[in-house]
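> the following comprises the amino acid sequence and a computationally predicted model.
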Amino acid sequence: MEKWEDNRAWFLVLPVFVIVAFSAIIPLMTVVNYSIQDIFGPGQSVFVGIEWFEEMLANKRLHDALWRQFLFSGLVLLIEMPLGILLALAMPKRGWGVSVCLVTISLPLLIPWNTIGTIWIIFTRPDIGLFGVAINNLGVAFDHTARPLDAWITLMLMEVWHWTPLVTLLAYAGLRAIPEAYYQAAKIDGASAWSTFWYIQLPKMRGVLTIAFLLRFMDSFLIYAEPFVLTGGGPGNSTTFLSIYLVKIALLQFDLGPGGAFSLIYFIIVLLFSYIFYQVLQSVGRGEK
Amino acid sequence: MARIDLKEIAHSYLAKPKDESDYALKRIDTAWEDGGAYALLGPSGCGKTTLLNVISGLLTPSQGRVLYNGTDVTDLPPEKRNIAQVFQFPVLYDTMSVYNNLAFPLRNRGIGESEVKTRVLEVAEILDLTPFLNKRAAGLTADAKQKISLGRGLVRSDVAAILFDEPLTVIDPHLKWQLRQKLKEIQDRLKLTLIYVTHDQVEALTFADQVMVMYEGELVQTGTPQALFENPEHKFVGYFIGSPGMNFLPCTLDGNTARVDGAGIGLNDDTAALGQKAQGKLEIGIRPVYLEVHAHAVKDGLPVKIEVVEDQGSFKIITVRLAGNILRARLPEGQTVPENEAWLRFPTRWTKLFADGRLVR
């Protein structure tokens, strides 16, 4: 076949390039632009180099928010992954129960973030909420507006209730994809239920669980709406996660330069950890060479 | 090692089977002798796998008993039956090394590490897996994986029988032959009871001493490959075994002559006598290889028209028309194919009579 030496192929790539430019490259470059300038007003800006980055990296409140963020994502993953897998294992394998379970379990996924925050605020309010009133009447003082631990518990409940179904659905899909012969062979080999889980089900779910893990990590690391609706980052700064702090700096104080630098640092952290987790998850269980 | 008996086994996957067609297995009553190599042959969906799962205990039959060496094991789960099963697709514990894969069934039964080691090394030697022992099982080729599946059965010294469910399906053709040889070799060496399920007649006939042919949930015939070829007891066996399959012609009886569209074909006296008493639709059956094809009129020869000649290399298959019936004949090597018309002779010895699909005898 004859080979054409021209650049026509670029036209075919152009639509994708335009879309990606508007959806990712231009916004990102705007942020980069902000992060290296001190902006006083339209047309009044000074190049400051990496000054904002230095300032943000030394910011004590950012450090606190970052550790809080890691603690939150860590807890979310520690609870949601095992719980999601357990639920998937407990679900029926065939019959009418399958659709009932699938629909019931997916309901929380269909509710908008803000609504979830509102539902849980009302549910846990110590004066009128079903949960809040009940637990206070049982003698346990509970108030998410006043006590940091209670705010955290409410957030975790909300988060677990909202997102564990995603892990369950993915894990269930992974489980259903395992051919029956594996279970039959395990039975014949005399494997216990635990060995069957550990040597067959878990390794076969690796792919879907990696996806679930990454999705849950990224989403929980970027959490905004729920703490914002619940307490706006309080009580005190106890639920001020990175995104809440970022919005405070960039939009409420209008510090675009530090906000830009912060955004980029945030972006790189998420990217870096997602990459590390992906690599680790791909290699676990392949240790025995 | 064990002798396995099936007593009046029937199985339906439905909770309340209504009639015979709801049964995947219809009244199977048979035995597998200790140390025999058996093939279970039949088309897809005939109940072979169901039968295998009944033997291994993965399935409890709706009716009947399964006996191992005379002991009733019908209600025992597979892990208590000392059975090994190799599936169509290699089943491996991906995260384990080959060694640990082979050791797994032993460790699950609480056998000490030193004995595990002895057994695993021994089995790895038999299966040529020694070089791979420390490799991860997931990275190996399909035939090596299938050997590991087999090895997990062989390591157990107490294993009563090894069941194979179309184990060569995913193996490359040139390796199939090697692996089949390996199985034969293991069978000769260890004198295991092997039951091999397949829909491939070549595989069944080369592997087994005894071939059991299944058709629509029934065992229609058990016998040596030769017996199945020469004396099919059921029309299905005639069709399924041999290539091309047996010729069948609807007929009526007239003394000891079978009438096919007016043409007379001589039958053996005993067969004809039994045929007079037989009920149902009568047909004569003959294997293509036993039909004599002559270029000129011969005594008892029936004139036929030659329609198609297929050259298969070392032999030729011709398709001929006898009145309204189509027959196929296999010409011996060296015989020239007559032009357009020929005379067919049906040797009495190989001309079988079937009533409602079953051999008259």
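That came through, no problem.

> find me the pLDDT at residue 64, would you?
Picking chain A for this. At residue A:64, the model reports a pLDDT of 87.

> was after chain B, sorry
87.

> that one falls within a strand, correct?
Yes. Judged by DSSP: H, G, I helix; E, B strand; the rest coil, residue B:64 forms part of a strand.

> run a quick neighbour tally on it.
Residue B:64: 17 surrounding residues under other C-beta atoms under 10 Å in any protein chain shown. Any C-beta I mention is one placed from the backbone N, CA and C, and that applies to glycine too.

> hmm, residue B:7 and it touching each other?
Yes. Residue B:64 lies in contact with residue B:7 (C-beta atoms under 8 Å); the separation is 5.5 Å.

> state whether residue A:246 is indeed within a strand.
No. Applying three-state DSSP, one finds residue A:246 to be helix, outside a strand.

> so residue 37 bridges to which residues?
Using chain A here. Residue A:37 forms beta bridges with residue A:47, as assigned by DSSP bridges.

> the chain in question should be chain B.
Beta-bridge partners, per DSSP bridges, of residue B:37: residue B:194.

> same deal with residue B:316?
Under the criterion used here (DSSP bridges), residue B:316 is bridged to residue B:311, residue B:331.

> that one: what's it in contact with?
B:309, B:310, B:330, B:331, B:335, B:337 (C-beta atoms under 8 Å, 6 or more residues apart in numbering or on different chains).

> could you flag which of those are buried?
Among the contacts of residue B:316, the ones that count as buried by 16 or more other C-beta atoms under 10 Å in any protein chain shown are B:330, B:331.

> contact residues of the stretch 1-150 of chain B facing chain A?
B:53, B:56, B:58, B:77-79, B:83-85, B:87-89, B:91, B:93-97, B:100, B:104-105, B:108-109, B:134-136, B:138, B:149 (C-beta under 8 Å from any C-beta of the partner chain).

> repeat that with 6 Å
Residues of the stretch 1-150 of chain B lying near chain A by C-beta under 6 Å from any C-beta of the partner chain: B:58, B:78-79, B:85, B:87, B:91, B:93-95, B:97, B:104-105, B:108-109, B:136.

> only the buried subset of those, as a PyMOL command please.
To isolate the buried members of the residues of the stretch 1-150 of chain B next to chain A in PyMOL, using 16+ other C-beta under 10 Å:
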select buried, chain B and resi 58+78+79+85+87+91+93+94+95+97+104+105+136
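
> next up, the contacts around the residue in the stretch 151-300 of chain B positioned nearest to chain A.
Using C-beta to the nearest C-beta, residue B:152 is the residue of the stretch 151-300 of chain B that sits closest to chain A, at 6.1 Å. Counting by C-beta atoms under 6 Å, 6 or more residues apart in numbering or on different chains, residue B:152 makes contact with residue B:105.

> where's it, which helix or strand?
Per DSSP states H and E: residue B:152 is located in helix B:142-154.

> what parts of chain A come near chain B?
Checking chain A against chain B by C-beta under 6 Å from any C-beta, the hits are A:181-182, A:184-185, A:187-191, A:199, A:203, A:285, A:288.

> and those residues as TSV, adding neighbour count and pLDDT?
Formatted as TSV, the residues of chain A next to chain B follow (neighbours: other C-beta atoms under 10 Å in any protein chain shown; pLDDT from 0 to 100):
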residue	neighbour count	pLDDT
A:181	18	89
A:182	20	92
A:184	20	89
A:185	28	90
A:187	17	89
A:188	28	88
A:189	27	88
A:190	20	87
A:191	22	88
A:199	23	91
A:203	20	90
A:285	17	58
A:288	15	40
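
> next step: the residues you listed restricted to helices.
In this view, the residues of chain A next to chain B that belong to helices under DSSP state H are A:181, A:182, A:184, A:185, A:187, A:188, A:203.

> quick check: the farthest pair among these?
Within those, two members stand farthest from each other by C-beta to C-beta: A:188 and A:203, at 18.7 Å.

> and the residue nearest the centre of chain B, backbone torsions?
Nearest to the mean C-alpha position of chain B, by C-alpha atoms, centre = their mean, lies residue B:41 at 2.3 Å. Dihedral pair for residue B:41: phi -110, psi 140, per degrees, to the nearest 10.

> coming back round to it: between the residues of the stretch 1-150 of chain B next to chain A, which sits nearest residue A:77?
Of the residues of the stretch 1-150 of chain B next to chain A, the one sitting nearest to residue A:77 (C-beta to C-beta) turns out to be residue B:95, at 21.4 Å.

> I figured that closest one hits residue A:204, correct?
No. In this structure, residue B:95 is not within contact of residue A:204 by C-beta atoms under 6 Å, at 9.9 Å.

> give me the pLDDT for whatever residue of the stretch 251-361 of chain B ends up closest to chain A.
Of all residues in the stretch 251-361 of chain B, the one sitting closest to chain A is residue B:357 (33.9 Å; C-beta to the nearest C-beta). You'll see residue B:357 listed with a pLDDT of 84.

> how many other residues sit next to it?
For residue B:357, using other C-beta under 10 Å, the count is 18.

> residues contacting residue 117?
You didn't pick a chain, so chain A it is. A:226, A:229, A:230.

> you answered for a different chain; I wanted chain B.
Per C-beta under 6 Å, 6+ apart, neighbours of residue B:117: none.

> measure it to residue B:219 for me?
42 Å (C-beta to C-beta, to the nearest Å).

> over to residue B:129?
35 Å.

> and residue A:56, by the same measure?
Taking C-beta to C-beta, one finds residue A:56 at 79 Å from residue B:219.

> just to revisit the earlier point, report the angle between the helix holding residue B:152 and helix A:180-188.
30 degrees (axes from the mean of the first three to the mean of the last three C-alpha atoms, to 10 degrees).

> so what pLDDT did the nearest residue to residue B:289 once chain neighbours are set aside get?
Excluding its sequence neighbours, the residue lying closest to residue B:289 (C-beta to C-beta, 6 or more residues apart in numbering or on different chains) is residue B:330, at 4.5 Å. At residue B:330, the model reports a pLDDT of 90.

> which residues touch residue B:330?
Contacts of residue B:330 (C-beta under 6 Å, 6+ apart): B:288, B:289, B:315, B:317.

> check those residues for the minimum pLDDT and say which it is.
Within those, residue B:315 has the lowest pLDDT, namely 85.

> find the residue at the geometric middle of chain A.
When C-alpha atoms, centre = their mean is applied to chain A, the residue found nearest the centroid is residue A:219 (1.8 Å).
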